[in-house]
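Colleague: Build me a model from this:
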Amino acid sequence: MAQKTYHMTATAETHFWNALRESKQKWGRKRAEKYRIDFLAGLQHIADNHQTFNSPHRTTMAEGTAFSIHLVEHRYVAFQTYGNDVIIAGIFHEHMDVPARLNELQNMSQAEIDAIRAIVGD
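Modeller: Numbers count the residues shown, from 1 in each chain. A predicted model of the protein is given here:
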C-alpha cells in the first residue's frame, strides 16, 4: 500500500503561514515552532486516519461543500481525499464562522485542487 500523504493548496499554505505568524506574535518563537511541528503532525494524522473520522458536528459544518474538516490545534482543516492522498484546501481558526469560510473556499479553490490532482495523478 502506498504511503498516505497530504498536499496543501496555495491558499492552505497561506493560511498555515498566517497561523504561524499569529502564534509567534502572541506566544513567541519557541512556542510557534512547537505549534508548527504539532500542526504538521496533525496534517499527517488526517492523511493517515481520515477514513476513521466520525463527527456529526463537523459533518454538519461542512455540509453543502466538497470538503471534510478536522480540528488540529484549534484550527479546522478543510480537506478532500484523492486516491491515497489528502489535499488540504484551507485552515480556519475554530472561532471563525467555519461554514461561511468553507463556502467561500468552495468557490475559490477548485483550480488549486485540480492542479494538485494533476501533479499527484491517480
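
Colleague: Now do the strands in this protein.
Modeller: Taking DSSP state E as the criterion, the chain carries its strands at 5-8, 68-72, 75-82, 85-93.

Colleague: what's in contact with the least confident helix or strand in the chain by mean pLDDT?
Modeller: Every helix and strand of the chain was ranked by mean pLDDT, DSSP states H and E. The lowest is helix 56-61, at a mean of 79. For helix 56-61, contacts defined as Cβ atoms under 8 Å, 6 or more residues apart in numbering pick out 68, 69, 70, 71, 76, 98, 99, 102. Yep, even glycine has a C-beta here, placed from its N, CA and C like the rest.

Colleague: hang on, the earlier thing: which stretch among the strands of the chain comes nearest residue 112?
Modeller: Taking Cβ to Cβ, strand 85-93 is the member of these nearest to residue 112, at 7.2 Å.

Colleague: What strands line up against that closest one, and which way round?
Modeller: strand 5-8 (parallel), strand 75-82 (antiparallel) (DSSP bridges).

Colleague: Could you pull out the buried residues of that strand?
Modeller: Within strand 85-93, the residues scored as buried using 16 or more other Cβ atoms under 10 Å are 85, 86, 87, 88, 89, 90, 91, 92.

Colleague: quick one on the thing from earlier: may I see the strands of the chain organised as a markdown table, with mean pLDDT and distance to residue 40 added?
Modeller: As requested, those are exported to a markdown table (pLDDT from 0 to 100; distance: least, Cβ to Cβ, whole Å):
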| stretch | mean pLDDT | distance to residue 40 |
| --- | --- | --- |
| strand 5-8 | 94 | 9 |
| strand 68-72 | 93 | 9 |
| strand 75-82 | 94 | 11 |
| strand 85-93 | 95 | 11 |
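
Colleague: separation between the closest residue to residue 12 other than its chain neighbours and residue 80?
Modeller: Of all residues not flanking residue 12 in the chain, residue 88 sits nearest, at 4.4 Å (Cβ to Cβ, 6 or more residues apart in numbering). Computed as Cβ to Cβ, to the nearest Å, the residue 88 to residue 80 distance reads 9 Å.

Colleague: max-length helix in this structure?
Modeller: The single longest helix within the chain, with elements called by DSSP state H, is helix 29-49.
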